[in-house]
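Novice: Provided below are the primary sequence and the corresponding predicted coordinates.
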Amino acid sequence: MRSVLAGAAASLVLLSAPTAAFAVAVSSSQGKGAQLVAEWHPCGLDTGGFLKSLTGKPVYFAGMTTWKDLIPDENIGRYTDDITSSEYKTNKGLIGTGSSCAYRGSFTGVKVRVCRNLSHLPDPCGSWVAIRK
């Protein structure tokens with residue numbers, strides 16, 4: 001009976017979540033996790049989420065802001081700390097800027113991906129996954 005009630009409570013929590021709060025799955029051969037919309041800003045996104053390493057090597061989330069009106073996307077790069085755990089760990093950060101930028105009305109969202117931290121070498125990364133505003 002407790003498991004039924006726990007399942008029902010979890011369902012109610014999920015159903016009552018605001019529609020703007022959603023998650024995208026992000027992965028590479030090195031790590032996987034999810035990024036959640038915590039708060040949209042005029043020129044960026046505060047993320048929540050979790051990440052784990054599939055190999056025990058350090059992985060992190062990298063991000064990019066996306067724009068309309070022929071404004072080039074801006075590669076922000078790393079926005080979270082390294083994770084080496086094989087268990088999911090909380091990992092969050094800010095992609096872009098909170099409130100001030102030159103093209104406020106043209107911000108359309110962000111892209112995220114998982115990267116492996118290599119010393120003194122370019123970091124290999126998975127594919128970009130879009131989160132639209």
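Specialist: Received it, and whenever you're ready, just let me know what you need. Numbering: from 1, shown residues only.

Novice: what stretches of the protein score poorly on pLDDT?
Specialist: The model of the chain has pLDDT under 70 over residues 1-21.

Novice: how about a cut-off of 50?
Specialist: Applying pLDDT under 50 to the chain flags the ranges 1-20.

Novice: bridging residues for the residue nearest the centre of it?
Specialist: In the chain, the residue lying closest to the centroid (C-alpha atoms, centre = their mean) is Q35, at 3.3 Å. Counting by DSSP bridges, Q35 forms beta bridges with V24, G49.

Novice: for it, give me its contacts.
Specialist: Q35 makes contacts with A23, V24, V26, T47, G48, G49, F61, V112, V129, I131, as judged by C-beta atoms under 8 Å, 6 or more residues apart in numbering. For every residue, glycine as well, the C-beta is placed using N, CA and C.

Novice: the last one and A25, how far apart?
Specialist: Yep, that's I131 we're talking about. Distance, I131 to A25, by C-beta to C-beta, to the nearest Å: 11 Å.

Novice: those two: which is more packed in?
Specialist: Between I131 and A25, counted using other C-beta atoms under 10 Å, I131 has the larger neighbour count: 21 against 10.
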